[in-house]
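Novice: I need the structure of the sequence given here:
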Amino acid sequence: MPCPFDSTTAWNPGDKAGSRGLFQIGKGHKAKYAAWPNEFVTNNGGRRTKSFTAREWFLPSSKILIIDVWNTPGLSEVLKGATWS
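Specialist: Residues are numbered from 1 along each chain as shown. Reported below is the predicted structural model:
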């Protein structure tokens, strides 16, 4: 898949989660967590140009999926302190 920022590179998504586990989101809510390594490679030789980690949290009972494609700084702390109404 082409990189949306540089047409001379392609997106190479990771096929296995780099880390998995349960994650507390607010009081009384646990999410299934996974972090996926991704990279961009050159179209003509496969040389890695950039890499990033995509993260996801899934709350099975409420069927909420939170996706963080850019590994946003501080998002984990925000989710830990989330309130539900």
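Novice: need the residues that contact the helix or strand bottoming out on mean pLDDT in the chain.
Specialist: Across the helices and strands of the chain, the lowest-confidence element by mean pLDDT, DSSP states H and E is strand 9-13, at a mean of 80. Here strand 9-13 makes contact (CB atoms under 8 Å, 6 or more residues apart in numbering) with 1-3, 36, 38-43, 49-50. Backbone N, C-alpha and C define where each C-beta goes, glycine included.
Novice: strands of this structure, start to end?
Specialist: Assigned by DSSP state E, the strands in the chain fall at 9-13, 19-24, 30-42, 48-59, 64-68.
Novice: distance to Lys80 for those strands - can I get that in CSV?
Specialist: Below are the strands of the chain laid out as CSV (distance: least, CB to CB, whole Å):
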stretch, distance to Lys80
strand 9-13, 27
strand 19-24, 6
strand 30-42, 10
strand 48-59, 11
strand 64-68, 12
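Novice: where does this protein dip in pLDDT?
Specialist: 45 (pLDDT under 70).
Novice: can we see that at 80?
Specialist: Counting by pLDDT under 80, the chain has low-confidence residues at 1-6, 11-17, 45-46, 70, 85.
Novice: now the farthest one out in it, which residue is it?
Specialist: Most distant from the centre of the chain: Asn44, at 26.8 Å, with distances by CA atoms, centre = their mean.
Novice: quick one: contacts for that one?
Specialist: Per CB under 8 Å, 6+ apart, neighbours of Asn44: Thr8.
Novice: what of Trp36?
Specialist: Neighbours of Trp36 in contact, by CB under 8 Å, 6+ apart: 13-14, 17-18, 53-56.
Novice: same check, this time on Phe40
Specialist: 3, 6, 9-12, 48-51.
Novice: now, which of the residues you listed sits nearest Leu22?
Specialist: Taking CB to CB as the measure, Ser51 is the one of those closest to Leu22, at 25.8 Å.
Novice: pull the number of nearby residues for that closest one.
Specialist: Number of residues near Ser51 (other CB atoms under 10 Å) recorded here: 12.
Novice: between its first and last residues, how far does stretch 60-78 reach?
Specialist: 19 Å (CA to CA, to the nearest Å).
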